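Enquirer: structure here, sequence nowhere to be found:
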């Protein structure tokens, strides 16, 4: 078959201009290259920022981790160094108190009831007193709170009015001690020695104590091992116990419980925080338990010291009521409308009236059966018993009581008296 070329007369074919084509291609390539460069810069800058942020974050994490490790190491090493430092600084102000009494000198002699010339060799022993001698009969601890010789200790350490008391300071010096005041409520006493420029301990704030906080006890353990140190934590707060010893028994309230070992002879020594400040006075231990001891909060000690310095004795405010502290069990048993407060009630005998005659309570018009709900805006409960709130005041202070009487709340103003 024969082939034909088709020719279209309307189609005009021009000769290509290769210079223009090359110029356009070159221009297009330049634009594309510029776009690529710009994109490369943008993506490169972004990638740089991302990588910088990543490595900065990583470096920062490593730095923070290193700082935390360093801080933890410093804290751990600080804890190990803090206790020795506290003990080193506090020990010069901790004293031993020796109790001495005149005791009879007893001798044993023998006699024959049938006479010295009797043929029967019978000897009956007879104990006779041959005078007296001053003898050490006990000991305890204390700590100096003023440079001129004011010392805090336990009341039971210096309770015997017929005994003589001697203070031995940490440097071995010996001083005769005078008992200035014995606390009528708490197991505290203030004694005085004649000295000057003595090292002292600073008082802290027992209201700021927390369970688990580290504490340090220093004292004359067993009356023999001077400035014995034990450390532990605050294991309880606001404890109430009945302490007994030496033929005496008393109820102690609002105590600090600690697992720092408190041994006989530690009584009266300081309980310190890790800042070296006194937060309590070691007072009692549980005989049949392990690592349970009790200390009187330092805020009560501060009041006693101030009383002695300003009044020459330790004083307590008195409202003059007998009461039962209300809790859920008491409220349910007595069918009360509240589960907190102090229910004024008489005791089991005639000499235990609900309201003490002539007291601040009687003058304020309080009655048996009243429930004191608040004192000065503070609710009365197991954490804040009425007695503790009263003892924070001084005789003569005015207080405002919120009272529930016949299911009606009333306000009663009272001027506190003094506990005799």
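Expert: Sure, I can see it. Note that the coordinates shown come from a computational prediction; the quantities given were computed from them, not determined experimentally.

Enquirer: could you check how far residue 192 is from residue 159?
Expert: 17 Å (C-beta to C-beta, to the nearest Å). For glycine as for every other residue, the C-beta is placed from the backbone atoms N, C-alpha and C.

Enquirer: go on, residue 349?
Expert: Remark: distance between residue 349 and residue 159 (C-beta to C-beta) = 27 Å.

Enquirer: name the helices or strands packed onto the helix or strand where residue 145 lies?
Expert: Per DSSP states H and E, residue 145 falls inside strand 124-146. Applying 3 or more C-beta pairs under 8 Å, 6 or more residues apart in numbering; DSSP states H and E, one finds that strand 124-146 contacts strand 94-111, strand 150-153, strand 214-221, strand 278-285.

Enquirer: the inter-axis angle of it versus strand 278-285?
Expert: Strand 124-146 and strand 278-285 are oriented at 160 degrees to each other (axes from the mean of the first three to the mean of the last three C-alpha atoms, to 10 degrees).

Enquirer: so how far is strand 124-146 from its chain's centroid?
Expert: Strand 124-146 sits 35 Å away from the centroid of its parent chain (C-alpha atoms, centre = their mean, to the nearest Å).

Enquirer: what do you get for stretch 413-420?
Expert: 29 Å.

Enquirer: now do the buried residues in that stretch.
Expert: For stretch 413-420, burial by neighbour count (16 or more other C-beta atoms under 10 Å) applies to 414, 416-417, 419.

Enquirer: what's the answer for stretch 341-356, then?
Expert: Neighbour-count burial for stretch 341-356, counted by 16+ other C-beta under 10 Å, picks out 341-345, 353-356.

Enquirer: show me which of these is closest to residue 300.
Expert: residue 342 (19.9 Å; C-beta to C-beta).

Enquirer: please tell me how far the closest one sits from residue 410.
Expert: Residue 342 sits 15 Å away from residue 410, going by C-beta to C-beta.

Enquirer: which stretches of the stretch 301-420 of the chain form strands?
Expert: Under the criterion DSSP state E, counting those that start in this stretch, the stretch 301-420 of the chain carries strands at the ranges 317-318, 323-325, 342-344, 371-375, 378-379, 398-405, 408-415, 417-418.

Enquirer: what sits up against the fourth one?
Expert: Counting by C-beta atoms under 8 Å, 6 or more residues apart in numbering, the neighbours of strand 371-375 from elsewhere in the structure are 321, 323, 326, 336, 338, 340-344, 366, 379-380, 386, 389-390, 399-405, 409.

Enquirer: got it, and the fifth one?
Expert: Contacting residues not belonging to strand 378-379 are listed as 340-341, 373, 384, 389 [C-beta under 8 Å, 6+ apart].

Enquirer: and for the last one?
Expert: When contacts are taken as C-beta under 8 Å, 6+ apart, the neighbours of strand 417-418 outside the stretch itself are 315-320, 359-360, 395-396.

Enquirer: mark which of those are buried, thanks.
Expert: Among the contacts of strand 417-418, those classed as buried by 16+ other C-beta under 10 Å are 315-320, 359-360.

Enquirer: just checking, residue 111 touches residue 128?
Expert: No: between residue 111 and residue 128 no contact is recorded; they are 10.6 Å apart, counting by C-beta atoms under 8 Å.

Enquirer: any idea how far residue 90 is from residue 147?
Expert: Taken as C-beta to C-beta, the span from residue 147 to residue 90 is 15 Å.

Enquirer: who has more neighbours, the two?
Expert: residue 90 (24 against 13; other C-beta atoms under 10 Å).

Enquirer: how far away is that one from residue 219?
Expert: Residue 90 sits 11 Å away from residue 219, taking C-beta to C-beta as the criterion.

Enquirer: what residues are shared contacts of those two?
Expert: Joint contacts of residue 90 and residue 219 (C-beta under 8 Å, 6+ apart) are residue 270.
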